[in-house]
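Novice: Quick one, what's the 3D model for this:
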Amino acid sequence: MLGRLFQSATLVLLFGMLSLSAAAAPITVTDLENRTITLKETPQRIVVGNYILNFLMVGGTESLKKVVALPQDGWQATRFGEYTALMKSFPEIKKIPSIGGYHDNILNTEKIISLKPDLLLINKSQYADNNKRVEVLQKAGIPTVVLDYHALTAANHTQSTKILGELLNQKSTAESLNRRYLEIADIVRERVSKLPESAKARRVYVETGSKGPGEYGNTYNKGVLWGGILNQLQANNIAADMKQPYAALSREYVIAHNPQIVVITGSIWQGAHDTDQMRMGLSVSPKEAQSRLRGFASRPEWKTLEAVKTGEIYGVDHGSLRSMVDYTYLMDLAKIIYPETFADFDPLAEYNRFWKTYLPEVDGSGTFFIKLER
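Specialist: Predicted coordinates:
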């Protein structure tokens, strides 16, 4: 009996020593700016300049204890659904200091230095706009790692997630996330590659519905966000060659290109247009989403559009882009554009499974994928 107790105690001690040695071991990563960064040990005080959802998906709820700052200014107004769901599950987030705006690239360098973090995580545009600030932080002994979920490519998503897994000592979770993401991306790539060019000809228009039906919202070229997804699908995006990554097209341009599929993306944006903007995502009901989508489909100048005539009008959630669950949006658009090829896809079931697996503490209910009811 004593021998077994001794063996158990020895095993506990051994695992404890292994955990401590893993935490104390140096970590070297190559970030999304192709910079090599070495940390002396697993970081315990982290400023998450962007991608808090991905951070939690990889690190789990325990990782929140490591977060010493976030860009909280304007978070609720910009991503109401995400903000409300996370605050409900993790009210302690409200006490975490803010280091800037949720939807801009301004970083409060003085605030960051005062918090004495082991690491700062930012995205590519934040890095581009804060080169001098990053140098100041590095001189203060604060390393910066750049991630990228904005390009909506499997390569950047999975590399960023792998980095988070290494930094948070959660490699197995990161590998699991990446495995499923790549599996779906590979299935899509393989099936689309076998389609004739004629099957890819249908004209697709995606618009962010943040400004309501009275004003045209942003669309995306082939290099970013929804445009990146359409590019993966080899779809005929009417804005693919737009010079800016994102901008609003004129109504004349949209009418002239006569899209055969229209996708209006929605979220809960607080502001002047919150009465008729497209709403989708966390906490949004199907009834409200349908009502608002109908407003866009009823634009007077759209009555001659082929998409309106055939009922090919869809709503999708904008807020969940730039996270590891957005492969379900690839699934949804694949099924919209190539319904027969992807008839077996069930993006909503996949979405629900994802949340229950990786963030079960968060209420992931809402409306994420709809077709206009006629």
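
Novice: Report the buried residues of stretch 152-169.
Specialist: The neighbour-count check on stretch 152-169 (16 or more other C-beta atoms under 10 Å) flags 152-154, 156-169 as buried. Just so you know, the C-beta spots here come from the backbone N, C-alpha and C atoms, and that holds for glycine as well.

Novice: next one: stretch 257-272
Specialist: Those would be 257, 259, 260, 261, 262, 263, 264, 265, 266, 267, 268, 269, for stretch 257-272 by 16+ other C-beta under 10 Å.

Novice: these two touch, right, the fourth one and residue 200?
Specialist: Spelled out, it's residue 261. No: counting by C-beta atoms under 8 Å, residue 261 sits too far from residue 200 to count as a contact (11.9 Å).

Novice: pLDDT below threshold where in the protein?
Specialist: 1-23, 271-273 (pLDDT under 70).

Novice: any idea how it splits into domains?
Specialist: Following the assignment in automatic domain parsing, the chain carries domains at 25-179, 197-371.

Novice: Those: which one's closest to residue 187?
Specialist: For residue 187, the closest of the domains of the chain is domain 197-371, at 8.7 Å, according to C-beta to C-beta.

Novice: Which helix or which strand is home to residue 219?
Specialist: strand 218-220 (DSSP states H and E).

Novice: counting contacts, what elements does that strand pack onto?
Specialist: Identification of packing neighbours for strand 218-220 by 3 or more C-beta pairs under 8 Å, 6 or more residues apart in numbering; DSSP states H and E yields strand 203-208, helix 225-232, strand 246-248.

Novice: export those to TSV and tack on distance to residue 194?
Specialist: Formatted as TSV, these follow (distance: least, C-beta to C-beta, whole Å):
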stretch	distance to residue 194
strand 203-208	20
helix 225-232	15
strand 246-248	31
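
Novice: Mind checking what secondary structure residue 263 has?
Specialist: Recorded secondary structure, residue 263: strand (DSSP: H, G, I helix; E, B strand; the rest coil).

Novice: how about it, what does it touch?
Specialist: Neighbour list for residue 263: 204, 205, 206, 207, 226, 314, 315, 316, 333, 336 [criterion: C-beta atoms under 8 Å, 6 or more residues apart in numbering].

Novice: rewinding a little: could the domains of the chain go into a markdown table alongside distance to residue 189?
Specialist: A markdown table is the format used below for the domains of the chain (distance: least, C-beta to C-beta, whole Å):
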| stretch | distance to residue 189 |
| --- | --- |
| domain 25-179 | 9 |
| domain 197-371 | 7 |
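
Novice: Out of the buried residues of stretch 257-272, which comes closest to residue 355?
Specialist: For those, the nearest to residue 355 is residue 267 (17.0 Å; C-beta to C-beta).

Novice: you'd agree that closest one is up against residue 279?
Specialist: Yes: Residue 267 is within contact range of residue 279, at 7.1 Å (criterion: C-beta under 8 Å).
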